[in-house]
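Novice: I'd like to go over a predicted model; first the sequence, then the structure.
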Amino acid sequence: MTTPSWQGLMKEKYRLSLRLFLLLNALSSIYCMLNPLANKAHIIVRTPVAMIFIGSTFLLITNVKNKNLRVHINIISLIFGIFWAWNAVLAQHALQTTDLSWFMVTLLAVLFIGAIAFINNLVSFLLHCLPTTLTILFLSNWEYWVPVLFAFALPTIGIAIHQIIKQRNDRFILSLLNTLEAEKETLIDLSMIDPLTGLYNRRGFENRTENALADPSSVHTLLLLDIDHFKAYNDHYGHMMGDQALTRVSAAIRDAVRSRDIVGRYGGEEFMVLLVNTTPQQASETAERIRQRVYDLSIPHMFNESVATNVTISIGTAQVKNNDMETALSQADQALYSAKNQGRNSILSFDTWSVA
Ligand SMILES: Nc1nc2c(ncn2[C@@H]2O[C@H](COP(=O)(O)OP(=O)(O)OP(=O)(O)O)[C@@H](O)[C@H]2O)c(=O)[nH]1
């Protein structure tokens, strides 16, 4: 699970608790309308519960039909809470009773709805239950204040404690999700890095170049670089020295280009560089700078046959046209092959070479 899906789950919970609240209100209002006690009274007594029934049914249907409709749960709970309190006032007036049992049924129904629907939302619970609780206290002249306040305090305390525990859990889960996401990002980054040289591997290179190629107005140049006679180097100096040479050459390439250019290890002793947004002139200057920097490392290579006595590289370059990296790669490869054939430690641009 990710943070956005967690937030989606929270929204869904919010929606479900609203629906539950509306459903319980609709059911309770039906009961109150059919209650024989209420029938004894004037029809006006049934006005608030009728409004609760119409309002909750309408909102419930609307909410089920349109998931994205935003309904403020606190406002709805307060309005319905006031309606229930109004119902208590009208009923008491009509029935002329201070009988606790009658009040308790209404109060417990309201508290039950609030506690079930708003187990995680103390504010909504209070907004829904306080109007009726206070009204009943006044209507009964505070005669039954102990059972009324007890009935109100018990779920209030329970919901408050439950909310504190839930908030702690939510914070813990969110921090856990953030840590997991950060670790996932690190792993993705690591999976794109070549462990020996620290450059992008082929996957990382492709991933990074996708972003650069997204801008169609820019002109990019692809460089393919290959260490000359590296097999002979490995054979004579050993694999460990070969690894060291690869690491130093990688660093030299990285240092010779701008930070926005993308450098990757193509595989073995081959590298690739995407020179982002460069003119052909700048590209050939950069390729020459790379070649020279590697030469200047002066890594001894007595078996770099008829090229030099130190490690050198050959470079093939090609412009990336129409964001077509595959074609550019094939062209740079052809240019590199020719640069090797022309004596190595050299640079060949596919674009000028193919025209000639
Ligand atoms: N030390 C080391 N050697 C590697 C690594 N990957 C590839 N190589 C060696 O690189 C050498 C590549 O040799 P070749 O493909 O024949 O090319 P080359 O000898 O450089 O000849 P040219 O490219 O024609 O100049 C092989 O000997 C590989 O074993 C690596 O990670 N470490």
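Specialist: Cool, the structure landed. Everything numeric here is computed off the predicted structure, so don't read it as measured data. Residues are numbered from 1 along each chain as shown.
Novice: Taking the stretch 151-300 of the chain, what residue is nearest to the ligand?
Specialist: residue 242 (2.6 Å; CB to the nearest ligand atom). Heads up, the C-betas are built off the backbone N, CA and C, glycines and all.
Novice: pretty sure that residue belongs to a helix, no?
Specialist: Yes - counting by DSSP: H, G, I helix; E, B strand; the rest coil, one finds residue 242 located in a helix.
Novice: The spatially closest residue to it that is not a sequence neighbour - how many residues pack around it?
Specialist: Nearest residue to residue 242, sequence neighbours excluded (CB to CB, 6 or more residues apart in numbering): residue 234, at 4.2 Å. Using other CB atoms under 10 Å, residue 234 has 19 other residues around it.
Novice: If I follow the layout properly, the residue of the stretch 151-300 of the chain closest to the ligand ends up in contact with residue 235?
Specialist: No - using CB atoms under 8 Å, residue 242 is not in contact with residue 235; the gap is 9.1 Å.
Novice: what sits against the residue of the stretch 151-300 of the chain closest to the ligand?
Specialist: 230, 233, 234 (CB atoms under 8 Å, 6 or more residues apart in numbering).
Novice: Mind doing that once more with 10 Å?
Specialist: Each residue near residue 242 by CB atoms under 10 Å, 6 or more residues apart in numbering is listed here: 227, 230, 231, 233, 234, 235, 236, 269.
Novice: The ligand next: which of the residues you listed are close?
Specialist: Filtering these for proximity to the ligand by CB under 6 Å from any ligand atom leaves 227, 230, 231, 234, 269.
Novice: which residues of this protein fall in strands?
Specialist: 220-227, 262-267, 270-275, 313-320, 347-349 (DSSP state E).
Novice: Format these as a markdown table; extra columns: mean neighbour count.
Specialist: Compiled in a markdown table, the strands of the chain are given as follows (neighbours: other CB atoms under 10 Å):
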| stretch | mean neighbour count |
| --- | --- |
| strand 220-227 | 25 |
| strand 262-267 | 22 |
| strand 270-275 | 24 |
| strand 313-320 | 26 |
| strand 347-349 | 22 |
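Novice: who wins for proximity to residue 92 among those strands?
Specialist: strand 262-267 (78.3 Å; CB to CB).
Novice: Looking at the ones next to the ligand among the contacts of residue 242, which are in helices?
Specialist: With DSSP state H as the criterion, helices contain 230, 231, 234 from among those.
Novice: does the second one really touch residue 301, like I thought?
Specialist: No - assessed by CB atoms under 10 Å, residue 231 is found out of contact with residue 301, at 11.5 Å.
Novice: Using the record's assignment, carve the protein into domains.
Specialist: Domain ranges of the chain: 3-176, 202-355, per automatic domain parsing.
Novice: which of those has the lowest average pLDDT?
Specialist: Ranked by mean pLDDT, the domains of the chain end with domain 3-176 at the bottom, a mean of 86.
Novice: pretty sure residue 276 is in contact with residue 219, am I right?
Specialist: Yes - applying CB under 10 Å as the test, residue 276 and residue 219 come out as touching, 9.4 Å apart.
Novice: Name the residues contacting each of the two.
Specialist: In contact with both residue 276 and residue 219: residue 320, using CB under 10 Å, 6+ apart.
Novice: Same drill for these two, tell me which one is more crowded.
Specialist: The neighbour comparison of residue 276 against residue 219 (other CB under 10 Å) goes to residue 276, with 21 against 15.
Novice: so who does the more buried one touch?
Specialist: By CB under 10 Å, 6+ apart, the neighbours of residue 276 are 208-209, 211-213, 215, 218-221, 257-258, 260-262, 320.
Novice: mind redoing it with 7 Å?
Specialist: Shown in contact with residue 276 (CB atoms under 7 Å, 6 or more residues apart in numbering): 212, 218, 220, 260, 261, 262.
Novice: Okay, helices next: where are they in the stretch 151-300 of the chain?
Specialist: 202-213, 230-237, 239-256, 280-296 (DSSP state H, counting those that start in this stretch).
Novice: could these go into CSV alongside distance to residue 330?
Specialist: CSV is the format used below for those (distance: least, CB to CB, whole Å):
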stretch, distance to residue 330
helix 202-213, 15
helix 230-237, 22
helix 239-256, 21
helix 280-296, 17
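Novice: residues in the stretch 101-250 of the chain within reach of the ligand, list them.
Specialist: 196, 226-232, 234, 239, 242-243, 246.
Novice: Among these, which one sits closest to residue 89?
Specialist: residue 196 (81.3 Å).
Novice: Residue 288 is in contact with residue 346, isn't it?
Specialist: No - between residue 288 and residue 346 there is no contact under CB atoms under 7 Å: 9.9 Å.
Novice: The two: which has the busier surroundings?
Specialist: Neighbours of residue 288 and residue 346, each counted by other CB under 10 Å, are more numerous for residue 346; the result is 20 against 14.
Novice: now the residue located most distally from the centre of the chain: how far from the ligand?
Specialist: Going by CA atoms, centre = their mean, the residue of the chain most distant from its centre is residue 96, 59.4 Å out. Distance check for residue 96 against the ligand: by CB to the nearest ligand atom, to the nearest Å, it reads 96 Å.
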